[in-house]
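> just need the structure, nothing else, for what follows:
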Amino acid sequence: MKITVNIDCTPDEARRFLGLPDVKPMQEALMKDLEERMRANLAALDPETMFNTWFPAGVQGFEQMQKMFWNQMSGMARDDAHAAAKKDDKK
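Numbers count the residues shown, from 1 in each chain. So this is what the prediction gives:
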């Protein structure tokens, strides 16, 4: 035996009939908060804002970073040359 029952109701009516909570106000509040956070994060992706964050002194900050990089590289080259000289001395 097979019995089929068709119930014609909206999702909201079914939710209330089953005693489920209405989460629509909470969902709307969370979506509004999420939208505000996304807008704030997108503003941080602006190229000018990123440049000012990474290089607060502008071009001077970039030059300082470049000098630091070259000093580090030249120090590594000296260390490599010193290690090679020691290796040659051992032979």
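
> quick check, pLDDT for residue 39.
Residue 39 carries a pLDDT value of 86.

> contacts for the helix or strand hosting it, please.
Here residue 39, judged by DSSP states H and E, is contained in helix 24-44. By C-beta atoms under 8 Å, 6 or more residues apart in numbering, the residues outside helix 24-44 that reach it are 49, 50, 53. All C-beta atoms are positioned from the backbone trio N, CA, C, and that covers glycine.

> among those residues, name the ones in helices.
Those of the contacts of helix 24-44 mapping onto helices are 49, 50, 53, per DSSP state H.

> got a markdown table for the contacts of helix 24-44, with distance to residue 62 and pLDDT too?
Below are the contacts of helix 24-44 laid out as a markdown table (distance: C-beta to C-beta, whole Å; pLDDT from 0 to 100):
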| residue | distance to residue 62 | pLDDT |
| --- | --- | --- |
| 49 | 16 | 73 |
| 50 | 13 | 72 |
| 53 | 13 | 71 |
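
> for this protein, give me the ranges with low pLDDT.
55-61, 77-91 (pLDDT under 70).
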